[in-house]
Each structure stands twice: as structure tokens, then as C-alpha cells.
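S.K.: coords please:
(chains A and B)
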Amino acid sequence: MRRCLSLVTLTALAACSSDPTTPETVPAALSLVSGDGQSAAAGALLPAAYVVRVEGPFGGPVPDVTVQWSASAGSLSAPTSATNGAGTAEIRHTLGGAPGPQPVTATVTGLAPVTFTATATLVPALVATVPVPANYGLHDTFVRDGIAFLSAWNTGVQLYDVGNGIKGGSPAAPQWISTVVTGSTNGGGARAHNAWWFHNPTNGHKRYLFVGQEGPGSVGSTSSGDIHVVDVSDLTAPREVAFYHLDFAGTHNFWMDEPAQILYAAYYNGGVVALDVSGFPTGDLASRERARIQPGGAANTYVWGVQYAGGSVYAGDMESGLWQLRFTGTAFTVVGGGNNVPERWGSDLWVHGTHAYTGTWGGLSRNGNYGNAVKIWRLDAGGAPILADSLIIASIATVSDIEVSSDGKLLVFSAEGGLNPGVHVYSLADPEKPALLGLYPVSTGVHTASLADIGGKRYVFAAKNPSSPALLILDITAFAN
Amino acid sequence: MAAAPLAAQHAPPGATFAGQLVPALTRVDPIPGGDALAELRVVQPVLMLRAARGPWRLQATLDGEGWSMPGGELGPGVWGEGFVDRRHPHTYVHEVMFTGADLLGTHDGAAHVSLSAGKGFAPFGTDDPMSRPPLRYPVNHHLAQILERAVAIAGVGTGPVLLEGAVFNGDEPEHPSQWPSWSRFGDSWSARLTVAPVSHLELQASVAAVHSPEHRPGAGPDQDKWSASARWDRPQPDRRTYLLLEWAHTVEADGFFAFTSVLAEAEVRRGRHRAYGRVERTERPEEERLTDPFRSLRPHLDDAIVGITRWTVVTAGYGLRLPLGTLGLVAEPLGEVSAGTLVETTGSIFDPAAFYGRDTFWALTIAVRLSRGLEGHRMGRYGVFPRTGPADAGHGP
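M.R.: Numbers count the residues shown, from 1 in each chain, chains lettered A, B, ... in the order given. Next up, the predicted model:
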């Protein structure tokens, strides 16, 4: 008898305890499970369903509950849906035609409603697609004077006329000019990653293209790859004339202080390198190295990108965040910033006026976070970065490239992974509160997005990731605000 | 003891079928994120055809893992072909190899020349783990074997010595229904020297140059691979003693990355009872992961990794072999436990303690292997072959 009583007691206790898997019959709470915060083109079906959960007083699922859905704009796949055995119900939302936030509310009688908010965006107009061989595809595009330099990994650097006139090309009809395959190290080919066409104001020359080679590396500790200098005085027959090699590190993104004839190169674990590019660089440029710094120290430096602005050199480091440096002509010094993005891995940067924007990388989570954030920095009077805000984009995994338009009105970045990879365009009407304007979705992701103003229009040159890599040229002129 | 001669070159004519499937419940603690996870999967479901007529042989293996475990099989440290901490499903056509054995007959004296071609294993390294005592795959699978390639093999054997050379396509498959990239056939090669100095003992050394294995279009870094092993196998009607010592080394991108493995594996069988164990220390690359932490990015965007980890894994298992009826079917309930540690070796950003919650792990598998005709099967050997025991396969059961 005692055993029977004990069993009854245990059963009753089990029934009364909190168990999120034991079905219940009385709805007590309605909660949002997934689907909030999505973005898609106005009029498009959102990529993921809205999912809610109805649970009972003890946290268990309540099946067969009718959930009523209402949309402020657009249409829903059904006006109601019923919860399943897990207590969840879902609905799909096709956005309305007007850009902006479009909330949808889920209601269960007697319970507090929950609201999902999706953002309908403008869609950049695709004006041209330039396929790139799948030798890892296209990493970056540098556009200047109507010439697009496509850094297409082992295919080399491809030169296209996109408005220069040399081949009659335009953004809508790019015309191939030539291809140069730069030198190989560590096996595996040219690995052309990025380029900068140097316009030397001191002599008027537009003779040299600096090409970054991204060799093998292990993020946080090692890297490889050289800077290759290509003579493009004849755009139809470019040829490599010089290189710069650092024994223990490899290069990534560039910036150039053209009046000073200094190339700043991000060098991953090597930090930042300042290279004298004056005159006629030939052969090994080792003697032209003017300074080098690992801003976070040897064990805490892996610089993704660098930019010269307002007399400072800014370095975006994957490990240690955004740094402000000063180059004296013979040395770098750390002026400000650093160790300021501890929760995510950093990626690219862009500095414009009194603000800077940095991306985040999600090839590996850091403290449980992927690279779904744009960090917004206010620069103080001395140019030191102070974190003003973080723009969290819930449906992407990496912000791989970031740029502000020359007029400071638009923030454009490329995104990889998650539900909304592609090209994202934001308004900077308030530079500390970017507002989503447009999204060009690319399911495989976009690795870089470069802005160029050509013929009175504004374009994004987007590097579409494999398996069918291509340069996508998007017209975002209509986004001007 | 005398040196072991080459195996008989003319198998009995006809065709035989063999096969297995293994319902397995595996629990791994931790998985990425720090939790534990248990899964029930049917692993290693294979159907094999072996046919012989005169000097001609056909070896074909169909593998159903693409259906039974499309998301891979849980296993601490296992990796490859876009899967991490899960073993990838094999391709549906795991191997289909045609062989002409001892093609020159008596014209080459005591030597034996064979030619093999088809889809299968390149002559490199040790036997595929599917035909070895533990159920769980070792971490070093992609350092110690080269599989599922379009391959042409020439083998020359004399006495206890066998030399094999092959050309094949370097690309690994990316999903179960993918065939080798025929346009890349011949861009990679391997060679293996096998010596059986005494009965039951087999020594092996091999080398391979594999072009862009992890990037199918061919832009990825190349690998240079080496392997050496000693294998002692003495199967008898009611008992078996088996020992394997293995070293494997792969360098990638002209030596920028290097991965080394040492492994020891043993089995003792007495009657129906089988006990086995394995100890390995293997380095593997840590690649960018997707938001699904068991998958890495394919195709690659660059040649970067996020670290190199060294896995030390100890595995022990026991199986009870139970014949079922007269059809040659065998049911083997088995239990297998693994435990170990891992460390990151390069100072890169991959932190095992952060990624898994700790730097130790264990795994438990309870399974039943249902098989027929696989006794002594050695997967990945074709053509002439030094005989090291009565159950040597590669030539039909």
C-alpha cells in the first residue's frame, strides 16, 4: 500500500512539475519562436516562416490551439493556423509593395499577442552579370576611371571597361580588356585577392596596379601572400614588374595615401605595412618598407583591412577590433582604439568623416556570436574611435565588406551565410542609426561590394560567391536620399 | 618463418555477394556548442559484388549512407568532405573496379602483373576503416586513405613484394551522388610498396601527390602524402589476432600546413567473442564552419583555416558474433567507447574549450552489425596482393 501511495505521489508530482515536453491543454502563454527580423524585397515572400509557440501553465506545449494572424501589409499564407504536438504554429508572409517595416501580429484568445516585424526593401537593379571562372571565383573589384579590376583568384586580375571608353564598355555592358596572372607562392596559383590602381598626383602617372595575393593562412596565427605590382600603362597588355614579400605573413586589403605615395597594406598577423610606392617600383620592394606594426601585439593581431583618413591610419583587426594609428614617415604609433570588439571576430572597415563602420566575421562563432553585426564608431576630435552603436542583422552570418558612398549618404555591405546573404544598402541620414533601404539577395553570398559612380549613376560591383561565381553590377541610383 | 608468397591470382569463377548494415546508437559528449547528443543511425550499409572469370575480376560496393545518414554520423574528431565532427556519407557507388590479374601469365616468370581501373581506392595507406575492427572511424581517415576516385592502377608483384602505382583524379566527392571529375583524371598519383617478410606480417609504405582535393574545379592547394604501416593478422577458424601500427603525414600548400597521425589498433577474437581497441593521435584542420556547426564551407572561398587541432583518442570495444541460420548471416551486438582530449596547436583562433565547452570528450556506441560474407574482407586492395593470412580478400571470399 505504501508503494502504491508513493507511485501516486510521484505521478502527481511529475504532472505538476515544469516539463517543456509534456503536452498540456490550457493555453497560458504565447511566445515568438523564429522568423522575426527578416528582410526581403517589397512584394517578396519572406525566406522563413513566422513560428510561435503556445504553452501551458507548466511550460508544456499545447496542441490544437488556433492562432490568428494579421498583417499590416502584404498577405499571409492563411488567416489562422493551429498548433502542432510541439505547441508551435507557423505562417508565411508575402511582403506588401511599400518599403519599410511591416509588422504581423499573432493572437490567441485570452493571451497577450506577439508581433513579428519584417522590413520590405527596395531591390537594386541588376544591370549586368559577368561570369568568373570557378577558380575560387571573384574576391574583390576595384573600380576607377571606368575600369573594373576583378581580382579573380587563380584566374588572375581581369580588366573590364565599364565606362572608360577604351573598349566601348559600360556598367550594363562590360567589355573585357585583358587579364594578368600574377606570381604564385605556396603552390595553388596567383590567388589574386584585391587591387588598387595607383593614380600618382605627383607625376600624373596611372601606371601601377597593386595586387594583393591571399595565400594559405590560419586565422589568428599565420598567413601568406605577396603584394604584386603590375604595370598597366598599356591596359591591354599588363605585366608584373615588382613584388613585396614578408616572410612570416601575407597581405589582405589595401589603402593608399596617394599624395604621400604610401601604400598601407593590411598584413593579417603581420599587422600593417607602409610601403613607399613612389617613382618606378621594380623587382623586390623590400627596401621600400617604411614601417610595420602589429597593433594588438604578436599574439593579438590579425588585420583584415586598413584605411587612411583624416591624418590617421585605421586598422580593422579580426581579433582586436578597430585601431587608430599614426604614421610618422618612418614608424607607426598606436593613437587610440583597440581591443574594442571582444564578442565577435572583426572584418572590414570604412571611415567617413566623423564616423567609422566595421563588419564582423562568422566563419567561427566567438562567445556564441556570428558575424551579424556592423559596429558603428564615432570618432572623437583626435580621431579615436568610440563605439556608438551596433547594427545587428539577425539573418546573416558575416559582414565581409563594407563601404560608405562618397557623399556619405549610403552604407553598403556584403553579407554571407544565414537567410539574407547578398548586398545590403542602408541610409546614413543619421550616421549612427543606419536604416535599411535595400537588399539584393544572393543565396550563395556576396564576398565584397564596391561602390562606383559612373555616368551620373551609382553602382555596386558585387562579388557573387561560388558555386557560380560572377561579378554582379547593381544600379542603386534610386537609393539616393 | 618464410616470406609470404603472393596470393593466388585466379580466384574461383563466379560471383558472390556480401554486405552489412549496422544500426548504431551513438552518444557524443560534447558536440559543438557544449551539449551532448545521441543519434540512432544505420551506418555502413553496403552491398558488395565480387565476380571472377579467369584473370578478370570485378569488385563493386554500393553504399547506402547517402540515404541512411545524409547528415553524417556523429563521431568525435572525424572530418572530411565538408563534414566536421560527423563522418561524411560515402558515395552511393563506393567502388566499382575491374581488374586483370596476372595478365602476362608465365611470360613474366614468377612475377605477377595486374591492371585495375574504375572508381575506388587509390593505392595509398592502409585498409579502409570500414573493414577494420572498430566501428567508429578514426580521425585520420583523410590522411591515411584516398577513396572514391576514378583510378587506374598497375601492380607488379614478385615473391613477398608488391609495388603498385596509380593515377587518379584529385577531387574528393562533395555529396553522395557525385561522380569523380573525369576531366581531372590523371592530375594526381600514388604509389605503394607492400612487403610480407614473414607469414601474417605485412609492411606498407606509400606516397601520393594529390591535386586540389578539396576544391573540385582545381584551384585549391595540393597535398603531398606519406604513409607507413605494419600489420599483423593471424586469422584462424576460431580465433584471430590482429595488430596495426600506422603513421600518416600530409602536407598542404607546399608545406604551409602539415598534419600527422600515429595510430595503433588491435583485435583479439576467441570463438564468438571479439575485443578490440585503438589509440590514435591525429591532427586535423579546423575550417570555417557554417551556422550548422557540423558543416564547413564548400566550395572554399580561400585557403585559410582557423586552426589545427590534435586529437588523442582511445577506443575500446567488444562484440559477440552470433551466426543466424544457414545463410551465412552474422549478427554482432557490440559496444564501443571512446574518450580523449584535443588541443589547438598553432595559436589560431579555434579554441576547443570555447567551441566544445571543454577539451575532453567521450563517445559511446551501442550497435548491432548484421553482415554476410565479410569475414576477412579488406577494402581498397585490388589486383595482385601478398597473402598474409587465409582470409585475405580483394580476390573474392
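S.K.: give the closest residue to the spatially most central residue of chain A in space, chain neighbours not counted.
M.R.: In chain A, the centroid-proximal residue (C-alpha atoms, centre = their mean) is A:Val399; its distance is 2.2 Å. In space, not counting the residues next to it along the chain, A:Val399 is nearest to A:Gly359; the distance is 3.2 Å by C-beta to C-beta, 6 or more residues apart in numbering or on different chains. Every C-beta, even on glycine, is put in place using the N, C-alpha and C of the backbone.
S.K.: so whatever residue of the stretch 301-450 of chain A ends up closest to chain B: helix, strand or coil?
M.R.: Per C-beta to the nearest C-beta, the residue of the stretch 301-450 of chain A with the smallest distance to chain B is A:Gly363, at 3.3 Å. Under the three-state scheme (DSSP: H, G, I helix; E, B strand; the rest coil), the conformation of A:Gly363 reads as coil.
S.K.: quick check: it touching B:Leu297?
M.R.: Yes - under the contact definition of C-beta atoms under 8 Å, A:Gly363 touches B:Leu297, with a separation of 7.5 Å.
S.K.: who touches B:Gly118 in this structure?
M.R.: Residues in contact with B:Gly118 (C-beta atoms under 8 Å, 6 or more residues apart in numbering or on different chains) are B:Glu95, B:Val96, B:Met97, B:Phe98, B:Ala150, B:Val151.
S.K.: re the thing from before, more neighbours, A:Gly363 and B:Leu297?
M.R.: Just comparing A:Gly363 and B:Leu297: by other C-beta atoms under 10 Å in any protein chain shown the higher neighbour count belongs to A:Gly363, 27 against 18.
S.K.: enumerate the residues of the stretch 101-250 of chain A near chain B.
M.R.: Residues of the stretch 101-250 of chain A lying close to chain B (C-beta under 8 Å from any C-beta of the partner chain) are A:133-137, A:139, A:153-154, A:185-189, A:191, A:193, A:214-224.
S.K.: what do A:Gly363 and B:Leu297 both touch?
M.R.: Listed as contacting both A:Gly363 and B:Leu297 by C-beta under 8 Å, 6+ apart are B:Glu288, B:Arg289.
S.K.: ok, which stretches of the stretch 201-350 of chain B are strands?
M.R.: Taking DSSP state E, counting those that start in this stretch, the strands of the stretch 201-350 of chain B run over residues B:201-210, B:223-236, B:239-252, B:257-270, B:273-286, B:304-305, B:307-320, B:322-324, B:329-344.
S.K.: so the residue nearest to A:Val399, which of the three states?
M.R.: Assignment for A:Gly359 (three-state DSSP): strand.
S.K.: what is the neighbour count of it?
M.R.: Using other C-beta under 10 Å, A:Gly359 has 28 neighbouring residues.
S.K.: my read is A:Ala478 is in a strand, agree?
M.R.: No - if the criterion is three-state DSSP, then A:Ala478 is helix and not within a strand.
S.K.: do you know how far the closest residue to chain A within the stretch 201-350 of chain B is from A:Ser400?
M.R.: For the stretch 201-350 of chain B and chain A, the shortest gap (C-beta to the nearest C-beta) falls at B:Glu288, measuring 3.3 Å. Distance from B:Glu288 to A:Ser400, counting by C-beta to C-beta, to the nearest Å: 12 Å.
S.K.: looking at these two, which is more packed in?
M.R.: Here B:Glu288 and A:Ser400 are set side by side on neighbour count (other C-beta under 10 Å), and the busier one is A:Ser400, at 30 against 22.
S.K.: tell me who's in contact with that one.
M.R.: A:Ser400 makes contact with A:Ser347, A:Asp348, A:Gly359, A:Trp361, A:Phe413, A:Ser414, A:Ala415, A:Glu416, A:Gly445, A:Val446, A:His447, A:Thr448 under the criterion C-beta under 8 Å, 6+ apart.
S.K.: for the first one, helix, strand, or coil?
M.R.: If I follow you right, that is A:Ser347. The three-state assignment at A:Ser347 reads strand, by three-state DSSP.
S.K.: what parts of the stretch 251-397 of chain B come near chain A?
M.R.: Along the stretch 251-397 of chain B, the residues adjacent to chain A under the rule C-beta under 8 Å from any C-beta are B:252-254, B:256-257, B:286, B:288-291, B:293, B:297, B:299-308, B:346-350, B:354-355.
S.K.: one more time with 10 Å, if that's ok
M.R.: Along the stretch 251-397 of chain B, the residues adjacent to chain A under the rule C-beta under 10 Å from any C-beta of the partner chain are B:252-257, B:285-291, B:293, B:296-308, B:344-351, B:354-355.
S.K.: now, of these, which are buried?
M.R.: If you count burial by 16 or more other C-beta atoms under 10 Å in any protein chain shown, the buried members of these come out as B:252-254, B:256-257, B:285-290, B:293, B:296-308, B:344, B:346, B:348-350, B:354-355.
S.K.: thinking again about what came up before, quickly compare the strands of the stretch 201-350 of chain B and say which is most buried.
M.R.: Across those, the average number of neighbours (mean count of other C-beta atoms under 10 Å in any protein chain shown) peaks for strand B:304-305, which reaches a mean of 23.
S.K.: tell me what that strand is packed against?
M.R.: strand A:217-218, strand B:273-286 (3 or more C-beta pairs under 10 Å, 6 or more residues apart in numbering or on different chains; DSSP states H and E).
S.K.: out of those strands, nearest to A:Arg239?
M.R.: In terms of C-beta to C-beta, the element of the helices and strands packed on strand B:304-305 nearest to A:Arg239 is strand A:217-218, at 27.5 Å.
S.K.: confidence score at the nearest residue to B:Gln20 once chain neighbours are set aside?
M.R.: Computed as C-beta to C-beta, 6+ apart, the closest residue to B:Gln20 that is not its neighbour in sequence is B:Ser371, at 3.7 Å. The pLDDT attached to B:Ser371 in the predicted structure is 95.
S.K.: same question, A:Leu13
M.R.: In this prediction A:Leu13 is given a pLDDT of 39.
S.K.: ok, now A:Val8?
M.R.: What the model reports as pLDDT for A:Val8 is 40.
S.K.: distance of the closest residue to A:Val52 other than its chain neighbours from chain B?
M.R.: Excluding its sequence neighbours, the residue lying closest to A:Val52 (C-beta to C-beta, 6+ apart) is A:Ala106, at 4.8 Å. In this view, A:Ala106 and chain B are 25 Å apart by C-beta to the nearest C-beta, to the nearest Å.
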